[in-house]
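Chemist: below are the sequence and a predicted model; questions follow.
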Amino acid sequence: MEKIIAGQNIDVNQEGYLTDMNQWNESVAKALAEEVNINLTPRHFEVLNFLREQQQKDVALTIRGVGNSGVVDIKEFYQLFPKGPLKLSSKIAGIPKPKSCI
């Protein structure tokens, strides 16, 4: 299904995750973040870009794995993306919802 995000027609699934990560860009990320009241900073983008790189390498994402990545610790991950950091950050990063998320 399509949704207009940042003025673009973006393919998303029923939960609002992008189905084609190539449609993602910073404007799309900012619009998705605004929907959950997050104002993205350069620090957020460091985490988002890391998640996208891991997705391209087909690495299974977990909160613990991200927290041990050296990019962000678990405490800061929760501060950047409150109320479900991996689920929110994955959606904003334009990647599929990790299997570890309910």
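Modeler: On my side now, so go ahead.
Chemist: just the helices in this protein please.
Modeler: 26-35, 42-56, 63-67, 74-80, 85-93 (DSSP state H).
Chemist: and for the last one, what's in contact with it?
Modeler: Residues outside helix 85-93 that contact it (Cβ atoms under 8 Å, 6 or more residues apart in numbering): 15-18, 24, 29, 32-33, 36, 38, 40, 44, 47-49, 51-52, 55, 61-63, 66, 77-78, 80-82, 96-98, 100-101. Backbone N, C-alpha and C define where each C-beta goes, glycine included.
Chemist: show me which of those residues are buried.
Modeler: 17-18, 24, 29, 32-33, 38, 40, 44, 47-48, 51-52, 55, 61, 63, 66, 77-78, 80-81, 96-98, 101 (16 or more other Cβ atoms under 10 Å).
Chemist: the nearest residue to Pro98 once chain neighbours are set aside and Lys97: what is the separation?
Modeler: Using Cβ to Cβ, 6 or more residues apart in numbering and skipping the chain neighbours, the partner closest in space to Pro98 is Leu61 (4.3 Å). Distance of Leu61 to Lys97, given as Cβ to Cβ, to the nearest Å: 10 Å.
Chemist: just Asn9 next, same as before
Modeler: Distance from Asn9 to Lys97, by Cβ to Cβ: 21 Å.
Chemist: pLDDT score assigned to Ser89?
Modeler: You'll see Ser89 listed with a pLDDT of 97.
Chemist: can you count the residues close to it?
Modeler: For Ser89, the count of nearby residues is 25 (other Cβ atoms under 10 Å).
Chemist: ditto for Lys99
Modeler: There are 8 residues near Lys99, going by other Cβ under 10 Å.
Chemist: hmm, Ala60 and it touching each other?
Modeler: Yes - between Lys99 and Ala60 there is a contact under Cβ atoms under 8 Å: 6.7 Å.
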